[in-house]
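Peer 1: Compute the structure for the input listed below.
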Amino acid sequence: MKKTISIVIPCYNEEENVVPLANALRTCFQEKLQNYKYELLFIDNDSQDKTRENLRALCKEDKGIKAIFNAKNFGQFNSPYYGMLQSTGDATILMAADFQDPVEMIPKFVEAWEEGYRIVIGVKTESNESKLMYALRGIYYKLIRKMSSVDQISQFTGFGLYDKGFISVMQSLDDPTPFLRGIVAELGYRRKDIPYTQPKRRAGVTHNNFYTLYDAAMLSFTSYTKVGLRLAVFFGGIFAGISMLVGLIYLIMKLIWWDRFPAGMAPMLIGMLFLGSVQIFFIGLLGEYILSINQRVMKRPLVVEEERLNFSSESPERNSSGQPEQAAGDSSISEQASGAPEEAIGEDSSSKQPVQNESTAEEV
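Peer 2: Numbers count the residues shown, from 1 in each chain. Just a heads-up that it's a prediction; the model follows:
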């Protein structure tokens, strides 16, 4: 019996990329992974272009392609994570829809998985994106590795293969703001890192901006470091000592040269402004930690679904580990797309996988 490889592809306004990516993935399975079945799962984060129309056409053409449409945009972390929880394959691959995660890496991931690695990830060694952005990312990864109690993975975006055993671990977590990169580093099994060069986006424009990158950095920082809070304590203690020492020196100098030593207002104002800025900085940092705590305490669902396509009537009730879907923290609204009963994935080498007859599907 052939093993199934699930490929989860989060997308947002990727009308120019979803069809070419689906074709490239099917070609990859036909030419290099003939002994495996595929499950292509697109999860759309409320796209405003023709992405959903293209996904509907793909799902109608090939029952091996599935789609989940989110009711709104749930962010760059929740949507991919939720999509991985809905996969049913023996292994799940997470990749971007813009071709910056090379399709050619998938056979390498599968080969390493068959060697016994339960997690196989792609690590960027070079990038064809902006040199400045790549350098800034490198600095960020170095800082977060030094500050974190968990050995964070440098230049890792989430692109990789995850065994269904690790998907079960993800399903057991009750985290409404999951950070996959940190979870892999903290809770993952023995893994293999495969280097690759990140190509440019095939089409469209990137949806990352300063705010989204800052949000990712702060989620990682507040989830896996204590440095910010400890730094506030140390900073406060050190400058309290310095302030007391300077104050004592000023007092002694004033007592000795009381008629010739004008204290003046400038040192006082400079000290007040400096300490005020330090206080504001650490109040803001403390607010980031409180915001992270607040998001976790509210226990909101990862994603609210608007519609799902090509999922059988049974598949929403179970996942790859056999647990109910609710165990994954999903309280979403599912609207089953109208269509034929469950149709099995075949083993044909054509551009799409053949469909079983209706009697066989009803027996399932």
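Peer 1: Gln48 touches Glu15, doesn't it?
Peer 2: No: using C-beta atoms under 8 Å, Gln48 makes no contact with Glu15, being 9.7 Å away. From N, CA and C alone the C-beta is placed, and that goes for glycine too.
Peer 1: Contact partners for the closest residue to Lys299 other than its chain neighbours?
Peer 2: For Lys299, ignoring the flanking residues on the chain, the nearest one in space by C-beta to C-beta, 6 or more residues apart in numbering is Pro176 at 5.9 Å. Applying C-beta atoms under 8 Å, 6 or more residues apart in numbering, we find Pro176 in contact with 78, 295-296, 298-302, 329.
Peer 1: Let's see which of these end up in helices.
Peer 2: Using DSSP state H, 78, 295-296, 298 are the members of the contacts of Pro176 that sit in helices.
Peer 1: Report the residue ranges of every domain in this structure.
Peer 2: According to the TED database, the chain comprises the domains 4-126+154-207, 226-298.
Peer 1: For the ones you listed, give me JSON lines that also has distance to Lys146 and mean pLDDT.
Peer 2: Formatted as JSON lines, those follow (distance: least, C-beta to C-beta, whole Å; pLDDT from 0 to 100):
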{"stretch": "domain 4-126+154-207", "distance to Lys146": "11", "mean pLDDT": "89"}
{"stretch": "domain 226-298", "distance to Lys146": "9", "mean pLDDT": "75"}
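Peer 1: which one of those domains lies closest to Arg308?
Peer 2: domain 4-126+154-207 (4.9 Å; C-beta to C-beta).
Peer 1: circling back: let's verify the residue nearest to Lys299: helix, strand, or coil?
Peer 2: coil (DSSP: H, G, I helix; E, B strand; the rest coil).
Peer 1: Run through the helices of the stretch 151-300 of the chain in chain order.
Peer 2: 164-172, 180-187, 210-224, 227-256, 266-298 (DSSP state H, counting those that start in this stretch).
Peer 1: what's the closest of these to Phe311?
Peer 2: Closest approach to Phe311 among these (C-beta to C-beta): helix 164-172, 16.6 Å.
Peer 1: Distance from the chain centre to that closest one, please.
Peer 2: Distance, stretch centre to chain centre, for helix 164-172: 15 Å (C-alpha atoms, centre = their mean, to the nearest Å).
Peer 1: Can you name every helix or strand that that helix contacts?
Peer 2: helix 75-85, strand 91-94 (3 or more C-beta pairs under 8 Å, 6 or more residues apart in numbering; DSSP states H and E).
Peer 1: Give me the buried stretch members for it, please.
Peer 2: Burial within helix 164-172, assessed by neighbour count using 16 or more other C-beta atoms under 10 Å, is assigned to 164, 166-171.
Peer 1: could I get these as a markdown table with distance to Thr197?
Peer 2: Formatted as a markdown table, these follow (distance: C-beta to C-beta, whole Å):
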| residue | distance to Thr197 |
| --- | --- |
| Lys164 | 29 |
| Phe166 | 26 |
| Ile167 | 28 |
| Ser168 | 32 |
| Val169 | 30 |
| Met170 | 28 |
| Gln171 | 33 |
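Peer 1: Buried deepest among the domains of the chain, which one?
Peer 2: Compared across those, domain 4-126+154-207 shows the largest average neighbour count, a mean of 19 (mean count of other C-beta atoms under 10 Å).
Peer 1: Asp193 - nearest residue in space that isn't next to it in sequence?
Peer 2: Val123 (4.7 Å).
Peer 1: Within its sheet, name the partner strands of the helix or strand hosting the one you found and how each one runs.
Peer 2: Val123 belongs to strand 119-127 when assigned by DSSP states H and E. Using DSSP bridges, the strands paired with strand 119-127 are strand 160-163 (antiparallel), strand 191-198 (parallel).
Peer 1: before we move on, the earlier item: angles on the backbone of the residue nearest to Lys299, please.
Peer 2: Dihedral pair for Pro176: phi -70, psi -10, per degrees, to the nearest 10.
Peer 1: do you know how far it is from Ile144?
Peer 2: 22 Å (C-beta to C-beta, to the nearest Å).
Peer 1: Ends of stretch 294-305, what's the gap?
Peer 2: 23 Å (C-alpha to C-alpha, to the nearest Å).
Peer 1: from the chain's centre, how far out does it sit?
Peer 2: Distance of stretch 294-305 from the chain centroid (C-alpha atoms, centre = their mean) equals 16 Å.
Peer 1: so Thr4, which of the three states?
Peer 2: Thr4 is classified as strand under three-state DSSP.
Peer 1: that older thread, among the domains of the chain, which is nearest Tyr214?
Peer 2: domain 226-298 (10.0 Å).
Peer 1: how long is the closest one end to end?
Peer 2: 22 Å.
Peer 1: now that domain, how far from the chain's geometric center?
Peer 2: Using C-alpha atoms, centre = their mean, the offset of domain 226-298 from its chain centre is 37 Å.
Peer 1: That's all I had, so thanks and see you.
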